[in-house]
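[1] Can you look at this prediction? I've put the sequence above it.
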Amino acid sequence: AQSVAQPEDQVNVAEGNPLTVKCTYSVSGNPYLFWYVQYPNRGLQFLLKYITGDNLVKGSYGFEAEFNKSQTSFHLKKPSALVSDSALYFCAVRTVNYQLIWGAGTKLIIKP
Amino acid sequence: EAGVAQSPRYKIIEKRQSVAFWCNPISGHATLYWYQQILGQGPKLLIQFQNNGVVDDSQLPKDRFSAERLKGVDSTLKIQPAKLEDSAVYLCASSLNGANVLTFGAGSRLTVL
């Protein structure tokens, strides 16, 4: 079955430290991979995507993600976390049939 | 460009009542999505439109949920009758086409008592 897993419900990071939010997937074919962020009481916002090419993609707000085909992972990273990065982060993968499969989300808490 | 508009932002109803949500996508976006997001979970696709045609409604509880996009622009999602488990945020999103990035509205939060 096709799926997306975000193994951590919550990630706690001190401000200024690097952060990683993990995502692994299981789909057939070449996936399109996305990260979205949801701030409190707001809709989801697109952060970045991987379709093809360089395995390291850069997105909004200083975030980047690394596609690893052998590990079927697409982890979200940022070198230096800000308190304002605290939000809910969702990984999603688009299948060859254009279905979008969502992870359950990871709550990121950045402590001052 | 204007974003995806949704209304109402909040709605409280009693079980067995009906409710309707409205969505106006970004101008020119052919694909429109309705998602249900229950607290603590990821979005669940209810229905996807391509212009005014339905692409995917496999997870729409058709005995109580209905949606339309008659002119291929704005859309309405209706629940009748509502159940307690329908309490959620209903997110509308649009994209240029089915393969592109989604732009989401702020959502409509439904509480069923």
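    On my side now, so go ahead.
[2] which other residues reach stretch A:29-44?
    Here stretch A:29-44 makes contact (CB atoms under 8 Å, 6 or more residues apart in numbering or on different chains) with A:23, A:25, A:45-52, A:59, A:61, A:63, A:65, A:67, A:74, A:76, A:87-96, A:100, A:105, B:4, B:43, B:91, B:93, B:99, B:101-102, B:104-107. Quick note: C-beta positions are derived from backbone N, CA and C, even for glycine.
[3] What pLDDT does the model give B:Phe98?
    Let me fix one detail, which is that residue B:98 is Gly and not Phe. On the pLDDT scale, B:Gly98 is placed at 67.
[4] cool, and B:Pro43?
    Each residue has a pLDDT score; the one for B:Pro43 is 92.
[5] Give the closest residue to it in space, chain neighbours not counted.
    Distance criterion CB to CB, 6 or more residues apart in numbering or on different chains; nearest residue to B:Pro43, sequence neighbours excluded, is B:Tyr35 at 3.9 Å.
[6] Sheet-wise, list the partners of the worst-scoring helix or strand of chain A on mean pLDDT with their directions.
    Here the helix or strand of chain A ranked lowest by mean pLDDT, DSSP states H and E is strand A:100-102, holding a mean of 90. Strand A:100-102 has its sheet partners listed here by DSSP bridges as strand A:87-94 (antiparallel).
[7] Could you tell me which residues make contact with the closest residue to A:Gln6 other than its chain neighbours?
    Distance criterion CB to CB, 6+ apart; nearest residue to A:Gln6, sequence neighbours excluded, is A:Gly103 at 3.9 Å. Residues in contact with A:Gly103 (CB under 8 Å, 6+ apart) are A:Val4, A:Ala5, A:Gln6, A:Cys23, A:Phe90, A:Cys91, A:Ala92, B:Gly42.
[8] hang on, A:Thr24 packs against A:Gln71?
    Yes: if you go by CB atoms under 8 Å, A:Thr24 and A:Gln71 touch, sitting 7.3 Å apart.
[9] And those two? Which one has more around it.
    More neighbours surround A:Thr24 than the other of A:Thr24 and A:Gln71, with 18 against 10 (other CB atoms under 10 Å in any protein chain shown).
[10] Thanks again, I'm all set now.
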